[in-house]
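Chemist: Predicted coordinates and the sequence they were generated for:
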Amino acid sequence: MQHSPDGRHSPDGPAAGAARGGEDGTATALRSGFLATVFRDLGAEPGTEGPGPQGPGGSEAGSADGDADEAVAAHGRAAALTHHRTLTVRAEHERLADLLRRAALPVSAMDFGSQLRSYEPRPYPAGPSEAEGPGSEPRWDDYAPPRTDAEPDEGPSRRLLDSGYQRELAQARLTHQRALREWRTRQAEAVNSGEAESRRAHEEAEQARARAVREYNESLEECRRAYRLAEPAAVESLIERALAASETATQDLPAPCRAVFRPLTRTAVLDLDLPPLDLVPSLSGYRLTPEGDIAPVPRPSADRATDYLRLVARLALRALQAADAVDTEEILAGVVLNGWLRDPDAPEAVCLVSVDADRDALARTRLLPAGAPYEEEQDGDGVYADAERDEALVRLRQLGAAVTPDPYARAGVEPAAAAGPTVPSAADLSANEFAQLVRELLTRGGLDGWSVRLRGPAGLVATGEGEPGSALPGRWVVWASRAPAPVAEEEIRTLAEAVREEAADRGLRLTTGRFSEAALDLTGAESHQHIHLVDGEGVRELARTHLGLPLGAGV
């Protein structure tokens, strides 16, 4: 306890006096800090609540308040930044959802009929002089007074003798002559002002427009004739225009597609460039740790892979639908689509999806899904269950598509067919293409009633019947393959057994390679003379004879 200057005891000592006020009785301000700020916001006067906790000299408590305020402010800034970054991630998810929705929009058919243009003449624009005249030449009939009789029993000649009618007639003639002079004046002014030249230029421009539309439609009709003849340039041009038109809804998504048409099998091979992997968000958001750090919240890798495959499936189905819708002339027998992931840092592209669909499969499948294609919320069954139920992926797999199990691991699939060589070999063809080629060759050779029993990447087994007197009479069992290894004797025996089981007359073993010596010797025996052989050279000769098109060497 200390004594104040007036002799009274002060219980708090000098520190309390400094907190309450100076020696002259005026109040002193609180030290800057969080509590002082709160007091000022509440409208309280500094020092009215008595002394605050202080250590010796009054500096320790003020320092502690400053540290606490700085910690609270830092935490608030971190929380705001966390929220802002989470909103940015949310925007990426919304953009992906929008892309998935737009990629599933149906495409319109870009056939020849839809590309025809029509000419509609445009009238000459009416300027100031056009609005005022010259117009048409004034006619006397529009100015002549009516020649009605005053009395029903009076004739027309009676009206001509009427003085009032004569005055009306004279006034009408003057009005008509004045209008005629004004019209001729306006006509002369229009000629002198260049309006006639402008009108002539407008007519020439309209004739040029009409001529351009006519020439375009004639060239389009020429392309249609080339398309009907299955000329590769015409078919590829039409398909690529249809593919480009299908990308209108997602012009902000890089996914170009190129087409190659093979007349040998009447198949279009499409190479689709897939969007980059980082298009799908890798984070769910951000969170604030107890230590005050901003930590990213990564998405499960399976969720991210599923979202990317959903997008890939929609792009693939859209390209297939565009090619199918444009082929109103039914030139295509099938479509092969390969989806490629091209990375500038990777040595070569990776095929992530491949589809080999014939015309019948495309006709049976409703290619693009309907409804909302992207739902972020899961239903508790796991992401793989959701992926299996995704409509676009289901429809793609119904077409027999090969889809990568993990795009982010760059696990590629085998392309169904190669689009590179101008003259393809058997190895460049897809399974459907090879089956189509064999069927076309044998059908043109006289074998009808074609029925495929087994089909795979390496070949097929089918039956057919030829008319009596044709090159292939009777019922046949056909086994065609394109394996590099020579056909062994055992395969000839297996075919002979299949001929007996099918109650057929003959068997045909066709290969794009060659036969072993034992197989050739076996077919020379009397027990297997009903088995006929066609090797790779024979297949190429059949293609030249029946199709007029070359088939490259190799298997």
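Modeler: Yes, it's here. Numbers count the residues shown, from 1 in each chain.
Chemist: residue ranges with poor pLDDT in the stretch 351-500 of the chain?
Modeler: The stretch 351-500 of the chain contains residues with pLDDT under 70 at 369-388.
Chemist: Would you map the helices across it?
Modeler: Using DSSP state H, counting those that start in this stretch, the helices of the stretch 351-500 of the chain run over 359-364, 383-389, 391-398, 431-444, 489-501.
Chemist: Repeat that for the stretch 201-350 of the chain.
Modeler: Remark: helices assigned in the stretch 201-350 of the chain by DSSP H, counting those that start in this stretch are 232-246, 301-326.
Chemist: Save the ones you listed as JSON lines, and put in mean pLDDT and mean neighbour count too.
Modeler: Quick note: C-beta positions are derived from backbone N, CA and C, even for glycine. Conversion of these to JSON lines gives the following (pLDDT from 0 to 100; neighbours: other CB atoms under 10 Å):
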{"stretch": "helix 232-246", "mean pLDDT": "91", "mean neighbour count": "20"}
{"stretch": "helix 301-326", "mean pLDDT": "92", "mean neighbour count": "24"}
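Chemist: closest to Leu96 out of the ones you listed?
Modeler: Of all the helices of the stretch 201-350 of the chain, it is helix 301-326 that lies closest to Leu96, at 6.5 Å by CB to CB.
Chemist: hang on, the earlier thing: pipe the helices of the stretch 351-500 of the chain into TSV and attach mean neighbour count and distance to Ser481 per row.
Modeler: As requested, these are exported to TSV (neighbours: other CB atoms under 10 Å; distance: least, CB to CB, whole Å):
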stretch	mean neighbour count	distance to Ser481
helix 359-364	14	22
helix 383-389	15	34
helix 391-398	19	26
helix 431-444	22	9
helix 489-501	16	8
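Chemist: now the ones you listed in JSON lines, with distance to Pro138?
Modeler: Converted to JSON lines, these look like this (distance: least, CB to CB, whole Å):
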{"stretch": "helix 359-364", "distance to Pro138": "68"}
{"stretch": "helix 383-389", "distance to Pro138": "80"}
{"stretch": "helix 391-398", "distance to Pro138": "72"}
{"stretch": "helix 431-444", "distance to Pro138": "77"}
{"stretch": "helix 489-501", "distance to Pro138": "97"}
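Chemist: right, so of those, which gets closest to Leu283?
Modeler: That would be, of the helices of the stretch 351-500 of the chain and by CB to CB, helix 383-389, which comes in at 16.0 Å.
Chemist: returning to what we had before: could you redo the helices of the stretch 201-350 of the chain as CSV and give each row distance to Gln529?
Modeler: Output for those, formatted as CSV (distance: least, CB to CB, whole Å):
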stretch, distance to Gln529
helix 232-246, 42
helix 301-326, 46
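Chemist: Of the ones you listed, which is nearest Ala68?
Modeler: helix 301-326 (41.2 Å).
Chemist: Now do the closest one: distance to the chain's middle.
Modeler: 9 Å (CA atoms, centre = their mean, to the nearest Å).
Chemist: what angle separates it from helix 232-246?
Modeler: 130 degrees (axes from the mean of the first three to the mean of the last three CA atoms, to 10 degrees).
Chemist: Now the nearest residue to Leu288 once chain neighbours are set aside: which helix or strand?
Modeler: The shortest distance from Leu288 to any non-neighbouring residue, by CB to CB, 6 or more residues apart in numbering, is to Thr82 (4.9 Å). According to DSSP states H and E, Thr82 maps onto helix 60-103.
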